[in-house]
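*Asks:* mind looking at a prediction? Sequence and model below.
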Amino acid sequence: EITNFAMVMPITTDPPSENTPIATVVSMPEEPSSVAERRQHATSSAHLRKYRGGFTSSICAIFRDPDRRTDCCAVACCGVLSSDRSRYLLTGERPPPLWNRVLMYLVIPALFIVAMNYFAVDVTVDDGSGSGEGQTVRTAPREFVWSFIAYIITIFVYGCVKNQRTRKEIMMKLYLEGSRERGEEVDPQQLESLVSRHNLDTLRAHCCCSCDYMRDDVLYDETSMIHRDGLEEDEELEKDFCTSLWDCLSNTFWGCCGCWCQCCGFCALAQEEREVNRLTGNEQQKIDYLTFQPYSEYYPSIQNLIEHQDKGTWKHLSSISDLSSKLLKNVAAVLVVLLLFALSDINSNFTLENMIVLLLTLGQAFFIEYLVHWRWNLFDLSFDSVVKYFACGFFLTTPSAVVFELVISTLATIIAFILAVLAVSSDSELANEFTSDLKQAMKEFTVNYPAIFIFYEFVNAFVVAALIEEMVKYFGYRMVVTPDLLPGRIAPLSRNGNEGEVEPADESPPKSAKSIGAGITVAMVSVALGFACCENLMYVFVYSPPSLGVEISTLLARSFFPVHPLCAAIQSIGVCKRDLEGDKKCGLGRIIFPAILLHGSFDFVLMLAGYFQQVENIKEGNDDDGNVAPDDEDATADLSEQLPALIAGLVFVIIGYAYYVVQSRAQNQRLIAIDNAARDLNSPLV
């Protein structure tokens, strides 16, 4: 400890005299007063605590800091976008083209599955009764099965090796940075020794599942006695709802044994992106994901349209970035392919009528987007940003929600099953009926034990659906970084007389707080609309029986209640209160709680109505045990039976809309007051 203390504290050059106090021997640097100043002061790696491999943030630090966006990107889309961006910023290496990835990850696996299904043979399996008769099942040839497994393993190993190589390059960059700051020459042998010494850590960081001992993660380097981001050891970051929830989960499942469990390298990808952002600096990060196009290439033309209040449709469409252009072109190409598939009558379950239903499902989301953005807030958020936020909600947040809901619903089902077993074990008559007639016993259990089903529906409504979906929508908004919501103006780079030098153009006055607040609302609603659009497609074409009447009734029922965009708009009030009004007490919990309450109540009413309707059908003997798909008349009858529940859901939607209108108007007045105060402060008369 004495050695570390002597190395950290700078020693004065004046020799101490006999009467000099010991305190004057050490020259204490002036401490910044606030946490923000300490963060700004600690910009080099010498002021940051070191972890294994020389990283300045722990691999266990995912979701610890509420101000970071990178942790969300490491989880979404299996971390592919985060890894590509980190590799590009670090080495300039671009990811493979889209067609290459579609071929590797979609087309070839689909061909394997089709081939296994096509060449499958009928195999008779003995049922164990001794009668000689068995059950006939279709089995794919072993050669195809093992080839498919080998291909999946090869793809996984290829990705792991590529990520491990990137991690080693980051470690070498950190070593070079530390050597440069200390004024030392780079020793290639020490650099090679560093990489080889951490080969096991690198291997464990990017594999399917691994464990790290948290106590061994910290590397007590002689140059640092300070935490990351310049915070002292006894000082903690302010926690929000997500951080507290993550701490609770990590301490419950991993803290007891001192191990940190990793899955598919998510934690490592988040750690590497944090490090790359610190190494490359802020200016190099002002690029889009996927295309890596700098904001300065396309956004100045968008700013020009906003400043001149130009409503030309073609001008806004032609000013979008390469990423938005590729997204729109790919969506158009997919719709054309689906239209040709519907016209070909290859599959009777997807005809031209079904294609019209699909277009209507998309049109419902596009129509709300048109009203929210183009009609009411065209100059508060660019069309380019709307495309990116909508795409994030459609392609990134929906798969994340499906995975998380599957995990949580499985846990809820296990708990409900345990409660059901305890209930059945206490009822001997019902237990005997389970052994004799399972279907009839299930019906009696459904009627006689409503508390278990109500508890299960409550968990599904407020935790599985509301909590997870509202959180992933919020993180979907946080993941996307667009120049519209960045502070300051993105200036085009205009060359001066000297070759190779650039100078920024003059800056214009920043946006008003009211305009930024409207842009935040449009952004969050766009993410929610993308999420709702994908969810509606799943409910209409995946979860519903293959019947045109059922598809239309499902679409009408889900289109009549725009709960997702309404909850996102309610969330935006809390985000504006935190980011624009400066209310630091408004964390994630306060932001999403009103939306969870509205969303959960809406779903709970519909789920309860479905349960009681099922109980009523059982009592009347109208429950259907078959698997016959309902026809259009049955769909109309079901819709009429659900009418009271839909009316109750409409009441909750009206209450939520009234809450948003009241809160939004009050917040607009506060934002206008902030704008007036800023204008008065910058007035030349002051």
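*Replies:* Arrived safely. Numbering: from 1, shown residues only.
*Asks:* show me the helices in the stretch 251-400 of the chain, by range?
*Replies:* 266-280, 295-307, 313-318, 322-343, 352-369, 383-391, 398-425 (DSSP state H, counting those that start in this stretch).
*Asks:* cool, the stretch 101-250 of the chain as well?
*Replies:* 108-118, 142-182, 188-197, 199-205, 241-253.
*Asks:* and the shortest one, what's buried?
*Replies:* Residues of helix 199-205 classed as buried by neighbour count (16 or more other CB atoms under 10 Å): 201-202, 204-205. In this view, the C-beta of every residue, glycine as well, is placed from N, C-alpha and C.
*Asks:* what is the nearest of these to Ala76?
*Replies:* Ala205 (18.8 Å; CB to CB).
*Asks:* for the closest one, what are its contacts?
*Replies:* Ala205 sits next to 59, 164, 167, 262, 265, 267-268 when contact means CB atoms under 8 Å, 6 or more residues apart in numbering.
*Asks:* closest to Leu323 out of the residues you listed?
*Replies:* Gly265 (24.7 Å).
*Asks:* disregarding flanking residues, what is the spatial nearest neighbour of that closest one?
*Replies:* Nearest non-adjacent residue to Gly265, counting by CB to CB, 6 or more residues apart in numbering: His206, 4.3 Å away.
*Asks:* confirm for me that that neighbour is in contact with Arg167.
*Replies:* Yes: counting by CB atoms under 8 Å, His206 does reach Arg167; the two are 6.8 Å apart.
*Asks:* ok so Asp528 is a helix residue?
*Replies:* Actually, residue 528 is Ala. It isn't Asp. Yes: the assignment for Ala528 is a helix, going by DSSP: H, G, I helix; E, B strand; the rest coil.
*Asks:* next up, the contacts around it.
*Replies:* 393, 473, 564-565, 567-568.
*Asks:* over to Asp122?
*Replies:* By CB under 8 Å, 6+ apart, the neighbours of Asp122 are 136-139.
*Asks:* in CSV, list the residues you listed along with pLDDT.
*Replies:* Shown next, in CSV, are those (pLDDT from 0 to 100):
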residue, pLDDT
Thr136, 78
Val137, 80
Arg138, 81
Thr139, 87
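*Asks:* now the buried members of those residues.
*Replies:* In these, nothing passes as buried (16+ other CB under 10 Å).
*Asks:* now do the helices in the stretch 501-650 of the chain.
*Replies:* Going by DSSP H, counting those that start in this stretch, the stretch 501-650 of the chain shows helices at 513-538, 548-559, 563-579, 588-620, 632-641, 643-681.
*Asks:* flag the shaky bits of the stretch 251-400 of the chain, pLDDT-wise.
*Replies:* Along the stretch 251-400 of the chain, segments meeting pLDDT under 70 span 251-258, 282-284.
*Asks:* closest to Cys533 among the contacts of Asp122?
*Replies:* For the contacts of Asp122, the nearest to Cys533 is Arg138 (35.8 Å; CB to CB).
*Asks:* where do the contact lists of His206 and Arg167 overlap?
*Replies:* Common neighbours of His206 and Arg167 (CB under 8 Å, 6+ apart) are Ala268.
*Asks:* who are the contact partners of the closest residue in space to Ile655 that isn't next to it in sequence?
*Replies:* Nearest residue to Ile655 in three dimensions, chain neighbours excluded: Leu598, at 7.6 Å (CB to CB, 6+ apart). Residues in contact with Leu598 (CB under 8 Å, 6+ apart) are 563, 566-567, 570, 652, 655-656, 659.
*Asks:* and if we set it to 10 Å?
*Replies:* Counting by CB atoms under 10 Å, 6 or more residues apart in numbering, Leu598 makes contact with 466, 470, 563, 566-567, 570, 652-653, 655-657, 659-660.
*Asks:* now swap in Leu103 and tell me
*Replies:* Here Leu103 is in contact with 96-97, 111 (CB under 10 Å, 6+ apart).
*Asks:* using CSV, lay out those together with pLDDT.
*Replies:* Formatted as CSV, the contacts of Leu103 follow (pLDDT from 0 to 100):
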residue, pLDDT
Pro96, 89
Pro97, 87
Leu111, 92
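*Asks:* follow-up on the earlier one: filter the contacts of Asp122 down to the ones in strands?
*Replies:* 136-139 (DSSP state E).
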